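**Student:** Structure, please.
(2 chains)
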2 protein chains.
Amino acid sequence: MICVLSGGTGGAKFVDGLRQVMPAEEITLVVNTGDDLLWWGLYVSPDIDSITYVLSGMLSRERGWGVKGDTFLCLQAMGQLGEPTWFHTGDRDLAMHLLRSRLLAEGKTLSEATAVISQKLGVKARVLPMSNSRVETRVDTPIGELSFEEYFVQRWYQDPVKSVRFAGASDAEPAPGVIDAITNADAVLIAPSNPVTSIGPILAVPGIHDALLHARGKIAAVSPIVGNAPVAGPAGILMEAHGLPSSIAGVAQAYEDFLDILICDTRDSRAAEALRQTGLRVQCTQTIMRSAEDKAALARETLSFVTASLLREEPASDTSFRRLDRQP
Amino acid sequence: MICVLSGGTGGAKFVDGLRQVMPAEEITLVVNTGDDLLWWGLYVSPDIDSITYVLSGMLSRERGWGVKGDTFLCLQAMGQLGEPTWFHTGDRDLAMHLLRSRLLAEGKTLSEATAVISQKLGVKARVLPMSNSRVETRVDTPIGELSFEEYFVQRWYQDPVKSVRFAGASDAEPAPGVIDAITNADAVLIAPSNPVTSIGPILAVPGIHDALLHARGKIAAVSPIVGNAPVAGPAGILMEAHGLPSSIAGVAQAYEDFLDILICDTRDSRAAEALRQTGLRVQCTQTIMRSAEDKAALARETLSFVTASLLREEPASDTSFRRLDRQP
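**Tutor:** As a prediction, this is how the structure comes out:
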């Protein structure tokens, strides 16, 4: 069993690769819900949507979000009604939000609603929201505090970022199954998602950081940063706002308490060498995922690095001690 | 000022004619909400939708419901998610339901939500739901009691009808403006809608029947029945289940307490002659509305019958007395 911590865009690409190289039944995903928003009165969970769409083969690979071949007529009509249209919900995509919203209105938890939808779409992997409590990623900017989707989608991450917080996180609980999935996985993979606003909210849910410290399996992260820039999106800006360098060193720092292996791009081999001096295992490979083959290759490489590390290293029982030593 | 009591299909066609021959600003519509349903968790008001769409020029004239040129991709996706798809909500149409549902969830009444939507779509006529309380038309059949939309749309009105009731009607109140619109209109027109399930729920709201008895203006109804059959839909079956003959005599009987003028098709001129013996003013004209010209002609004729009746008859002050005499 593999446990993957993931956001939406980079995470979905990585998961698209994983499902090509291993049985989906053996994957549990713990997905960021810090970007969730109420949109047109519907509960939208962008990262769960992307992960669900990629696992059901519905994701638009061109856009990287939403349903392939989708149309936007409802969006157009909402615009005519004077409603906001900056969050692009497609007509097919709406079905997901309608069903989830109805299930939540009927009293189901986000976990339960996610399981129902997964089952209906034939998703074999287990998709878990990080929490059933509302945790909101809030981005503080000179024009005020924005939700992540306002910052990212509505305003094209053009605003300087003062800080990021995860409102509600301290009162949140991990969703059922999350702690067990992390603790007992053969390996925990951190997808090449934004460390601050995709993985950060997951780590902010009380209990999850601790579960990572006590995880039985190896913990490997794929860097979303190549050189000094993210592969896509605002990860660099947000890492710097969070006091982390926009580099693989920053990624390593974000996960330093529990990380066993950092997987970075071959273009970062010099930075990787420097990082290895700190005692971290760093592996270089091709991390840019353009084609289905790229995705499968990265997934295969990631799994092989983890397996190799298992074969070459101390017995699994020692792992947690080593990690706990690293605790601040 | 003209007040029109209306359902969806025949009513929308009639209103389409009216708006061609008189200023929309001078029309107040009191619309049936007995067919309203919760669909995919959204509040759908089929008759208000049809009336709003016709008044904003958005109605699909081919189908007689929904938005012209609409697509049904969300419906398809809902089907893939295992959700019901018998009620055909188009992608553009969904915007209406989403906005209304959000407004209601925010605490607005159906009247207020309807006014907001009318304003956003540039509707000049005043569209009033018959009531802000929930009144549900329930159709009793051998397979059990069905909502109107289940009976009509889901099951294609194939079930024998034992009876019809308007659940919640006795506790309902007319929506703000309804009583005033009926009482003070220069004329009240009853659209060629189903007398039992389109106009019936309106009349079942306490206070509305009484307002019709005391209306200052003439009350004219356009028959939805030609010969012994409705122009469309289950009006005949439902009238018979309600103890009314499926004929213009049945329509006259449904409205006998307050009706001044019945407008029926020229093909019913013999039945009209018989009805006139009862003292009712009956006018024959072409009532089948196929083209925009047909609709305009029927609207023009209806208005001229009402005007002529005003010119030729007793002063308006006597009207209410005559009507009150007819009360059971």
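**Student:** where does the closest residue in space to A:Asn132 that isn't next to it in sequence sit relative to chain B, distance-wise?
**Tutor:** Spatial nearest neighbour of A:Asn132, excluding adjacent residues (CB to CB, 6 or more residues apart in numbering or on different chains): A:Thr109 at 4.3 Å. Bear in mind the C-beta positions are built from the backbone N, C-alpha and C, glycine included. To chain B, A:Thr109 is 16 Å away according to CB to the nearest CB, to the nearest Å.
**Student:** My guess is A:Thr109 contacts A:Ser133. True?
**Tutor:** No - when contacts are counted by CB atoms under 8 Å, A:Thr109 is not listed as touching A:Ser133 (9.6 Å).
**Student:** count of neighbours near the residue of the stretch 151-300 of chain A found nearest chain B?
**Tutor:** Per CB to the nearest CB, A:Gln154 is where the stretch 151-300 of chain A lies closest to chain B, at 18.1 Å. As a burial measure, A:Gln154 scores 13 neighbours (other CB atoms under 10 Å in any protein chain shown).
**Student:** Also A:His88?
**Tutor:** 13.
**Student:** who's in contact with it?
**Tutor:** Shown in contact with A:His88 (CB atoms under 8 Å, 6 or more residues apart in numbering or on different chains): A:66, A:72, A:75, A:153.
**Student:** Same check on A:Glu301?
**Tutor:** A:263, A:283, A:285-286.
**Student:** Could you list which of those belong to strands?
**Tutor:** Using DSSP state E, the members of the contacts of A:Glu301 that fall in strands are A:263, A:283, A:285.
**Student:** Can you tell me which of those has the most neighbours?
**Tutor:** A:Ile263 (25 neighbours).
**Student:** Tally up the residues packed near the closest residue to it other than its chain neighbours, please.
**Tutor:** Spatially, and ignoring its direct neighbours in sequence, A:Ile263 is nearest to A:Val222 (4.6 Å; CB to CB, 6+ apart). Number of residues near A:Val222 (other CB under 10 Å) recorded here: 28.
**Student:** re earlier: going by distance to A:Arg138, which of the ones in strands among the contacts of A:Glu301 wins?
**Tutor:** A:Ile263 (30.0 Å; CB to CB).
**Student:** Tell me the spacing between A:Asp93 and A:Lys68.
**Tutor:** A:Asp93 sits 10 Å away from A:Lys68, taking CB to CB, to the nearest Å as the criterion.
**Student:** More neighbours: the two, which one.
**Tutor:** In this view A:Asp93 and A:Lys68 are compared by other CB under 10 Å, and A:Asp93 has more residues nearby, 26 against 14.
**Student:** Doesn't that one lie inside a helix?
**Tutor:** Yes - looking at A:Asp93 with DSSP: H, G, I helix; E, B strand; the rest coil, it is inside a helix.
**Student:** picking that back up, wouldn't the residue of the stretch 151-300 of chain A closest to chain B be in contact with A:Trp39 here?
**Tutor:** No - in this structure A:Gln154 lies outside contact range of A:Trp39 using CB under 8 Å: 11.0 Å.
**Student:** Between those two, which contacts overlap?
**Tutor:** Taking CB under 8 Å, 6+ apart as the contact rule, the neighbours common to A:Gln154 and A:Trp39 are A:Phe87.
**Student:** where's A:Ala113, which helix or strand?
**Tutor:** helix A:110-120 (DSSP states H and E).
**Student:** Give the buried residues for that helix.
**Tutor:** A:110-118, A:120 (16 or more other CB atoms under 10 Å in any protein chain shown).
**Student:** quick one: the helices in the stretch 201-328 of chain A?
**Tutor:** Secondary structure of the stretch 201-328 of chain A by DSSP state H, counting those that start in this stretch: the helices cover A:208-213, A:235-241, A:248-254, A:269-276, A:292-312, A:316-326.
**Student:** Save the ones you listed as TSV, and put in mean pLDDT too.
**Tutor:** Output for those, formatted as TSV (pLDDT from 0 to 100):
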stretch	mean pLDDT
helix A:208-213	98
helix A:235-241	91
helix A:248-254	97
helix A:269-276	96
helix A:292-312	90
helix A:316-326	47
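**Student:** Reformat those into TSV and put distance to B:Thr307 next to each item.
**Tutor:** What follows is the helices of the stretch 201-328 of chain A, written out as TSV (distance: least, CB to CB, whole Å):
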stretch	distance to B:Thr307
helix A:208-213	76
helix A:235-241	71
helix A:248-254	79
helix A:269-276	88
helix A:292-312	73
helix A:316-326	89
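**Student:** pLDDT score assigned to the closest residue to the residue of the stretch 151-300 of chain A closest to chain B other than its chain neighbours?
**Tutor:** For A:Gln154, ignoring the flanking residues on the chain, the nearest one in space by CB to CB, 6+ apart is A:Trp86 at 4.3 Å. What the model reports as pLDDT for A:Trp86 is 97.
**Student:** With that, I have no additional questions.
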